[in-house]
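Trainee: Sharing a model that was predicted from the sequence below.
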There are 2 protein chains.
Amino acid sequence: MLIVKKFGGSSVADKDRIFNVARRCIEEYNKGNDVVVVLSAMGKTTDGLLKQAAEINPNAPKRELDMLLVTGEQMSVAYMAMAMASLGVPAVSLNAFQVAMHTSSAYTNARLKRIDTERIRHELDNRKIVIVTGFQGINKYDDYTTLGRGGSDTTAVALAAALHADACEIFTDVEGVYTADPRIVPNAKKMSEVTYDEMLEFATWGAKVLHNRSVEMAKRYNVQLVVRSSLNYAEGTVVKEDTKMERMIVSGVAADKNTSRVSVIGVKDEPGTAFKLFNYLAKKNINIDMILQSVGRDGTKDISFTVASTNLHDTLDTVKEYTDNYGGHVEYEDDVAKVSIIGAGMATNAGVAAKMFEALYNARVNIKMISTSEIRVTVLIDENDVTRAMRAVHDAFDLGDD
Amino acid sequence: MLIVKKFGGSSVADKDRIFNVARRCIEEYNKGNDVVVVLSAMGKTTDGLLKQAAEINPNAPKRELDMLLVTGEQMSVAYMAMAMASLGVPAVSLNAFQVAMHTSSAYTNARLKRIDTERIRHELDNRKIVIVTGFQGINKYDDYTTLGRGGSDTTAVALAAALHADACEIFTDVEGVYTADPRIVPNAKKMSEVTYDEMLEFATWGAKVLHNRSVEMAKRYNVQLVVRSSLNYAEGTVVKEDTKMERMIVSGVAADKNTSRVSVIGVKDEPGTAFKLFNYLAKKNINIDMILQSVGRDGTKDISFTVASTNLHDTLDTVKEYTDNYGGHVEYEDDVAKVSIIGAGMATNAGVAAKMFEALYNARVNIKMISTSEIRVTVLIDENDVTRAMRAVHDAFDLGDD
């Protein structure tokens, strides 16, 4: 068996944790398996590098930021190889050049295009544990790139696909994917499996376990993932293609507080208004969702949408450019949050949204906006209502442990 | 003009110093010159990485040590490129892969074999300042190597040679090469020029300004070096081929306290004794110098030599293996030092050694061992006598400022 194991920054944050990971990988190796380990930078290393860079140049060239950031993972993999060597197991660390991991040219947000497997295969054939830097690649100029948020997960999935791995395990500090965040909903239950599509909704809507780029890639290449804890041996959550088995209508509840509502009030009620507004935002790479357009009145209408709170400032600047040209004015709310129910069985079941709204009504949670997909219903509510809303919905769909 | 400028770790130890170096390079660039900058790791970065590595594995594989250490220079060059960008000058950082810098396979102590210049030329043609990681290379396996002590100087000289640079400036925290260490001999004088051979002796015997590997390479490829301060614009010391001009018999005085004397007493007085002993040491990569062999007596003889104090422990272990097999016993002294006079004019002048010994006699410094080369006379003395000895010899040859 060839197994890819990915460990995040907190799993390799210090010497003890590095040895914990090393031992865990060696157990797999000692069963006769080929083991490829993907690591992130240790603990807060990346944040530290970014902070120093910002002190030197707040608008540092992205190419140089990537040149800097990739050192973080390179340190992790070197230390890990040293730890394994001290435990008597031959290991070799490889960075994006050595693998090589080919990406698009976009610095700080590159896409993996192709992974050479020759060097890794060669090292595996020599019965070495291969430790690969996550998050990084090289582009056609032979310059380093980084993959953006969740990049190490993506590296692991891409490696599993390229190597036709038998398993791809994503280790994290939780035991798997839960029906809701256990810190908010105490009786939340670990799911034994979820579909890629459900996981995508969980990732997008704030479950924070796996980044959606890695899930999309896993789905595309049909890489079965296991999300599990680096701290214990509990069975994790398997992320896989939908199977025919009977499944819950609703799998879980997710919340995302990093959201703001922006409304453009009193824009002209004529064709192209929304297109022009969203074109302005797209040019600035601002992702929007939960778009709501009011019915026109007095020749004007209102357009509302949500953006990540981290983008609110840029969004307001951009919208102002729009209103300066096309009229209207802007209002916004930052203390809002999205709560979603997610479930692959939802598509074929009527009344799911109504049941969610009823639960929220009973919990006296006011709904500001609604958006739905085939396998998801999302409501925008007051940030202060999130805990009450999640517990109410979680209970309504009977998701928790008893 | 194409100019290679090398700055050591202390010159880039913090944000202010990074900007100081950036400005200095930009001045050169703004004159219309092509500028290639070679950097070491910032301040104590390398020591910090080595310390962490030792905590994880005191016998870490050298390949992984190099994989770890090269991140230090990579951080330096990225930060420098960011600093230059913030000053409005286009710059690009390159590591050993990107250049590429091909070396021998010996991890932690590799030799540069070949430098590709295509990428650097391309970036220079685009009017960029090119910032290159010192100290590192890649070997035929596509693995990182490091060049050992003084590696960044060697990188700079090799780059200057490969690029046929018009100048190679080694910036340091002193203003050049002095007739003696100014901390020991207060009236020591900066030399305006020294020959490669003199510089080699200064480097070998403790002047600590330039590592001898870089000087050897400069001599081989006839790269004229300038050693100068990164903190001011004082003229430095030019290191170049010997010219016909009249020169001082003695250029300067150097001392090296990192030295120990080891004596093997009572070994058999027969052919091959010394060969076998030094063979044992060579196998352990222990460099020895100042060998002294006593005249045989009672069928035995004594062999004394000096080693770097940092190698004393290994040396004593190794010599014990020898004496266990071939007889004799070991004595050693650690509180000794070497003091040398160096001068290209010495070879053609008689009486130089005698004048040195006279000065030492007058200063009541006891000489324990003597060794000479064409352009050097070295004595081994008590470590406590170093200051007195250096001042006496410096005065005797009239090397100081008045």
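Mentor: Perfect, I can see it now. All figures in this text were calculated on a predicted structure; none of them were measured in a lab. Numbers count the residues shown, from 1 in each chain, chains lettered A, B, ... in the order given.

Trainee: doesn't A:S10 fall inside a helix?
Mentor: Yes - assessed with DSSP: H, G, I helix; E, B strand; the rest coil, A:S10 lies in a helix.

Trainee: With adjacent residues omitted, what lies nearest to it?
Mentor: Distances taken as Cβ to Cβ, 6 or more residues apart in numbering or on different chains place A:D173 nearest to A:S10, at 5.7 Å, with adjacent residues excluded. Where C-beta positions appear, they are placed from N, C-alpha and C, glycine not excepted.

Trainee: Give me the number of neighbouring residues for that neighbour.
Mentor: As a burial measure, A:D173 scores 11 neighbours (other Cβ atoms under 10 Å in any protein chain shown).

Trainee: Report the contact partners of it.
Mentor: Under the criterion of Cβ atoms under 8 Å, 6 or more residues apart in numbering or on different chains, the neighbours of A:D173 are A:8, A:10-11, A:229-231.

Trainee: Are any of those residues buried, and if so which?
Mentor: Buried residues within these, counting neighbours by 16 or more other Cβ atoms under 10 Å in any protein chain shown: A:8, A:11, A:229-230.

Trainee: Pull out the buried residues from stretch A:171-179.
Mentor: For stretch A:171-179, the neighbour count (16+ other Cβ under 10 Å) marks A:171-172, A:174-179 as buried.

Trainee: start to end distance for that stretch?
Mentor: One end of stretch A:171-179 sits 18 Å from the other (Cα to Cα, to the nearest Å).

Trainee: CA atoms only: put stretch A:231-242 into CSV for me.
Mentor: Once non-C-alpha atoms are left out, stretch A:231-242 reads as follows in CSV (Å, rounded to 0.1, in the frame of the first residue of the first chain):
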residue,chain,number,x,y,z
LEU,A,231,-3.4,12.9,18.6
ASN,A,232,-5.2,9.6,18.9
TYR,A,233,-6.2,6.6,16.8
ALA,A,234,-9.9,7.3,16.6
GLU,A,235,-11.5,6.4,13.3
GLY,A,236,-11.8,9.6,11.3
THR,A,237,-14.3,10.7,8.7
VAL,A,238,-14.1,9.3,5.2
VAL,A,239,-14.7,11.7,2.4
LYS,A,240,-15.7,9.9,-0.7
GLU,A,241,-18.0,9.7,-3.7
ASP,A,242,-21.7,9.4,-3.0
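
Trainee: Contacts for it, please.
Mentor: Defining contact as Cβ under 8 Å, 6+ apart, one finds that stretch A:231-242 is touched by A:20, A:169, A:173, A:175-177, A:190-197, A:199, A:210, A:215, A:218-219, A:222, A:224-229, A:344.

Trainee: next one: stretch A:150-167
Mentor: Against stretch A:150-167 from outside (Cβ under 8 Å, 6+ apart): A:1-6, A:8, A:36, A:38-40, A:73, A:101, A:112, A:115, A:117, A:120-121, A:132-136, A:147, A:168, A:170, A:210-214, A:217-218, A:221, A:223-226.

Trainee: Now the closest residue to chain B within the stretch 251-400 of chain A, what are its backbone angles?
Mentor: Here the stretch 251-400 of chain A gets closest to chain B at one residue, A:N285, 21.2 Å apart by Cβ to the nearest Cβ. Recorded main-chain torsions at A:N285 are phi 60, psi 30, according to degrees, to the nearest 10.

Trainee: Could you pick out which of the contacts of stretch A:150-167 are located in helices?
Mentor: Of the positions in the contacts of stretch A:150-167, A:73, A:120-121, A:212-214, A:217-218 sit in helices, assigned by DSSP state H.

Trainee: mind listing what the residue nearest the centre of chain A touches?
Mentor: Most central residue of chain A, judged by C-alpha distance to the mean C-alpha position with Cα atoms, centre = their mean, is A:H211 at 1.9 Å. A:H211 makes contacts with A:149-151, A:153-154, A:203, as judged by Cβ under 8 Å, 6+ apart.

Trainee: Could you work out the end-to-end span of stretch A:300-316 for me?
Mentor: With Cα to Cα as the measure, stretch A:300-316 spans 20 Å from end to end.

Trainee: in that stretch, what's buried?
Mentor: By neighbour count on 16+ other Cβ under 10 Å, the buried set for stretch A:300-316 is A:300-309, A:311-312, A:315.

Trainee: what does stretch A:189-199 give?
Mentor: A:189-191, A:193-199.

Trainee: Kindly reformat those as TSV containing distance to chain B.
Mentor: TSV is the format used below for the buried residues of stretch A:189-199 (distance: Cβ to the nearest Cβ, whole Å):
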residue	distance to chain B
A:K189	38
A:K190	33
A:M191	36
A:E193	37
A:V194	36
A:T195	39
A:Y196	35
A:D197	39
A:E198	39
A:M199	34
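
Trainee: Identify the farthest-apart pair in the buried ones among the contacts of A:D173.
Mentor: Pairwise distances across these (Cβ to Cβ) peak at 11.4 Å, for the pair A:G8 and A:S229.

Trainee: Which neighbours do these two have in common?
Mentor: Contacts common to A:G8 and A:S229, judged by Cβ under 8 Å, 6+ apart, are A:171-173.

Trainee: What distance do you get for the nearest residue to A:C168 once chain neighbours are set aside to A:Y196?
Mentor: Spatial nearest neighbour of A:C168, chain neighbours left out: A:A160 (3.7 Å); criterion: Cβ to Cβ, 6+ apart. Using Cβ to Cβ, to the nearest Å, A:A160 is found at 14 Å from A:Y196.
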